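Enquirer: attaching a predicted model along with its sequence, questions to come.
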Amino acid sequence: MSSRRTRTRQPTTSRITEEEITNLVARLQCVVPEIRRRRTSDKVSATTVLQETCNYIKSLNREVGDLSDRLANLLATTDVDSNEAAIIRSLLSGD
């Protein structure tokens, strides 16, 4: 019997270049409010941008949770056939 080991092929992973990282960080700087508020002359490290981005995503997630709770409470206290319920359905459907 042969004692050869069977090789499992590793999926090829694409490497992200330094230039791509720099571009992504610059794009994040444009979208995250806390970073946008800073003076444009202030140099912000990639680490700071990523930390602020994580904080921003967490705050958005909390906000979505709060709005979900408020909407659930509103729906629980609203008559299904009322004008308010129609407005809520309209907003939720995106019309």
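Expert: Perfect, thanks for sending it.

Enquirer: where does the prediction get shaky in the protein?
Expert: 1-12, 39-41, 94-95 (pLDDT under 70).

Enquirer: change it to 50
Expert: Counting by pLDDT under 50, the chain has no low-confidence residues at all.

Enquirer: which helices and strands sit right next to the longest helix belonging to it?
Expert: In the chain, with assignment by DSSP state H, the single longest helix is helix 46-76. Other elements packing on helix 46-76 under the criterion 3 or more Cβ pairs under 8 Å, 6 or more residues apart in numbering; DSSP states H and E are helix 18-31, helix 33-36, helix 83-93. Placement of C-beta: from N, CA and C, glycine included.

Enquirer: show me what the last one is in contact with.
Expert: Helix 83-93 has contacts (Cβ atoms under 8 Å, 6 or more residues apart in numbering) with 71, 74, 75, 78, 79.

Enquirer: and that helix, which residues are buried?
Expert: Buried residues in helix 83-93, counting neighbours by 16 or more other Cβ atoms under 10 Å, are absent.

Enquirer: in the longest helix of the chain, which residues are buried?
Expert: 48, 49, 52, 53, 56.

Enquirer: any idea how far residue 66 is from the nearest residue to residue 74 once chain neighbours are set aside?
Expert: Nearest-residue entry for residue 74: residue 88, 6.9 Å, with adjacent residues in sequence omitted and distances by Cβ to Cβ, 6 or more residues apart in numbering. Using Cβ to Cβ, to the nearest Å, residue 88 is found at 16 Å from residue 66.
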